[in-house]
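Peer 1: Any chance you can model this:
(one chain, ligands or ions: 4)
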Amino acid sequence: RAKELGRDNFQLFDANMNTELAEHVAIEQALRRAIGTSQIYLEFQPLVDLQSGRLTSFEALARWRHPELGVVSPGRFIPVAEKSGLIVPLGEQILLMVIKQLHAWQQAEVPLVPVAVNVAPLQFERTDFPTRCHELALQHELDPKWLSFEVTESAWLQNSTKSVVMIDTLRHEGSKVYLDDFGTGFSNLSYLKHLPIDAVKIDQAFVRNITVDAGDAAIVRGVLAMAKQLNIDTIAEGIETAEQLDYLREMGCHRGQGYYFSKPIPVDQCRALLEEMDEMRRFTETVKARAL
Ligand code: C2E
Ligand code: MG
Ligand code: MG
Ligand code: MG
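Peer 2: Ligands and ions are numbered 1, 2, ... in the order given. Next comes the predicted model:
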């Protein structure tokens, strides 16, 4: 449109739109150069069993530190990466980083938990995605059971038959598949029964006001009841307070993630958590064995 209107009419665009567009272009160019470099790194956020309070797994979250722009949030660069197609090489880099990290821990005999990787709809459009993941894992001597995948509803709705086959393949290799940001899409809840997934992640939009908004509480209750019927696990995102935790636990939600437990943390801090968790497990086992 800018071209049609000609240079002289550029002022027709309001200043905000101009900066937004310029920012988008700048981010895209910078991101193109960042992919494959150490500007891209990861943080892992713990997921916790709401009954026992134990660490069950991590979610890998992409981070980007640009030498001049500083830390750019995923909320800004992931949409740019998705629109430009850069999410495909970026996603591959992230997957590879997760696999290498898990492999390094395995070599160092650190007790592992599964790590979930976010998969953008564009990545999931590629039919070879599951085999590619499997290949990469095997190349690094990693059992795919240590990898989980988070897909969103939009990835599904584009081609549900193809998606079902891909999910089946990932799960057949031993990976878990989660439906991310559940409830924010435009679909109705009943389609859950067609998805061969392991867990739904209830979006933090419903968790945020769960203790004060009867509507949100009712929606979450509905999701939990349906998931139970379908034998699907439930994970609540964005738990920030003890009240939210109590509420969700009483409602029967299995797992949770949120600042109340931990913010996403630098990957090199995870090792201590994993070792601590293992020590606790051994301690409980010893106590149990003694009691027998
Ligand atoms: P998501 O997959 O739903 O990830 C959860 C987001 O919620 C993360 O934001 C996490 O830091 C944030 N979060 C967790 N607990 C709390 C809480 O208690 N309170 C609040 N306010 N926030 C919480 P983050 O890291 O900024 O990522 C935002 C989104 O960017 C992700 O949402 C995901 O959609 C996307 N993203 C991040 N990393 C990747 C990636 O490697 N690949 C792809 N395709 N998308 C990614
Ligand atoms: Mg996610
Ligand atoms: Mg989510
Ligand atoms: Mg979210």
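Peer 1: Surely Leu47 forms part of a helix?
Peer 2: No: counting by DSSP: H, G, I helix; E, B strand; the rest coil, Leu47 is not part of a helix but strand.
Peer 1: Correct me if wrong: it contacts Arg54.
Peer 2: No: here Leu47 does not reach Arg54: they are 10.0 Å apart, not a contact under Cβ atoms under 8 Å. (Glycine included, C-beta is placed from N, CA and C.)
Peer 1: which of those two has more neighbours?
Peer 2: Leu47 (30 against 16; other Cβ atoms under 10 Å).
Peer 1: For that one, give me its contacts.
Peer 2: Neighbouring residues of Leu47 by Cβ atoms under 8 Å, 6 or more residues apart in numbering: Leu55, Thr56, Ser57, Phe58, Glu59, Ala116, Ile235, Arg255, Gly256, Gln257.
Peer 1: do Arg249 as well
Peer 2: Neighbours of Arg249 in contact, by Cβ under 8 Å, 6+ apart: Leu50, Gln51.
Peer 1: would you put the C-alpha positions of whichever strand in the chain runs longest in PDB?
Peer 2: The strand that spans the most residues within the chain, counting by DSSP state E, is strand 55-66. Taking C-alpha atoms only, strand 55-66 is exported to PDB below (Å, rounded to 0.1, in the frame of the first residue of the first chain):
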ATOM      1  CA  LEU A  55       9.400 -31.500  39.700                       C
ATOM      2  CA  THR A  56       8.000 -33.600  36.800                       C
ATOM      3  CA  SER A  57       9.500 -31.900  33.700                       C
ATOM      4  CA  PHE A  58      10.700 -28.700  32.200                       C
ATOM      5  CA  GLU A  59       9.400 -26.400  29.400                       C
ATOM      6  CA  ALA A  60      12.100 -25.000  27.100                       C
ATOM      7  CA  LEU A  61      11.600 -21.300  26.400                       C
ATOM      8  CA  ALA A  62      13.500 -19.500  23.700                       C
ATOM      9  CA  ARG A  63      15.500 -16.400  24.600                       C
ATOM     10  CA  TRP A  64      17.300 -13.900  22.400                       C
ATOM     11  CA  ARG A  65      20.000 -11.500  23.400                       C
ATOM     12  CA  HIS A  66      21.000  -9.100  20.700                       C
END
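Peer 1: That strand near ligand 1 anywhere?
Peer 2: Yes: counting by Cβ under 6 Å from any ligand atom, ligand 1 is contacted by strand 55-66 at Leu61, Ala62.
Peer 1: Tell me the gap between that strand and the middle of its chain.
Peer 2: 8 Å (Cα atoms, centre = their mean, to the nearest Å).
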